[in-house]
Each structure stands twice: as structure tokens, then as C-alpha cells.
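Chemist: How does the following fold in three dimensions:
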Amino acid sequence: MSQAATNKYFENQMMSASPVRMVVMVYDQAILSLSRVITAVEAGDIEGRWKANQNASECIWELMTAVDQEQGGDVASYLDRLYRFMIRRLLEVDIRNDASPARDVINLLEPLRESWRELERQMESEQAGNAAAAAPESRETSQVAVSA
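Modeler: Numbering: from 1, shown residues only. Predicted coordinates for the structure are as follows:
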């Protein structure tokens, strides 16, 4: 899938996504772009490397600007420093035409993405539980209405 098609897919998916799902999708896009960076470096594709690295950097900037510094406390401060470190590392990709910084950033992003995925699963589970708990009440209400 081309970069433009991938970007369009993510854009369409984000239109209907929950805030947590949107964060997971940005992580996914960043990691996908960094994988493309590595492939492009190995193939000697300078332009492809640069475009993929720009896309990954934009994703990380998006994550960084989404951090709530006022309410996030120490975690927000840590994430801000971590995202800034990642962006500095990605500058090295273009300066040295080296895939190592991209691999390093992927290794930092993956556990964060997994944490957000776990949160997403928990929220979906809670929503399913709430829906199941409300369903018998709805059936009882409709049965009462029918028998009356």
C-alpha cells in the first residue's frame, strides 16, 4: 500500500474513532512509518527514507502535543521528554542515513502503544459489560409494555 493510500486509510479510520483508539492509530502510523524508514535506508531510497521519517516525526509531534501537561503530572513530563528524545533521534536518520535511530524509536514506541491498546481493550470490555447489564432491563421494560 502506498504512503498516500495508508495516510488516507488512517484519516478515514480516525473520523469515527474514540480518543483512545486515535492514540493507538497514531502509534501504529508512527511505527509503520519507521519500518518504512528502515526499508528505505536498506534499499538506498533517500527520498523514501526522508518522507517516511517526516511522517514518523509528525506522528510523534502529534502524540507530544496531545499530552495534557496540566493534569498529567509526572507521567506527562516523562512522556514529553521521551517524545522530544525520539524526535532528536530521528534527526540522526536523515543526517547519517542510518536506520539504527529508527529501530531505537520503534523499541520505545511499541510498549507505549501496547499500554494504549490494553486501555482500549479494557474500555471496550467495560462498554460491553455495561451494554449487557442494560439489555435485560430493556427487555423487561418492553415485555411490561407489551403485556399492559
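
Chemist: hey, let's count contacts and neighbours off CA atoms from now on
Modeler: OK.

Chemist: Might you calculate how far whatever helix or strand residue 83 lives in sits from the centre of the chain?
Modeler: Assigned by DSSP states H and E, residue 83 falls within helix 69-96. In terms of Cα atoms, centre = their mean, to the nearest Å, the centre of helix 69-96 is set 15 Å apart from its chain centre.

Chemist: any idea which helix or strand comes after that helix?
Modeler: Assigned by DSSP H and E, the successor of helix 69-96 is helix 100-147.

Chemist: So what's the model's average confidence on stretch 71-89?
Modeler: Taken as a whole, stretch 71-89 has a mean pLDDT of 96.

Chemist: Next, the buried residues of that stretch.
Modeler: 76, 79-80, 82-84, 86-87, 89 (16 or more other Cα atoms under 10 Å).

Chemist: could you dump those residues to a markdown table with distance to residue 16?
Modeler: Formatted as a markdown table, the buried residues of stretch 71-89 follow (distance: Cα to Cα, whole Å):
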| residue | distance to residue 16 |
| --- | --- |
| 76 | 26 |
| 79 | 26 |
| 80 | 27 |
| 82 | 29 |
| 83 | 26 |
| 84 | 29 |
| 86 | 29 |
| 87 | 28 |
| 89 | 32 |
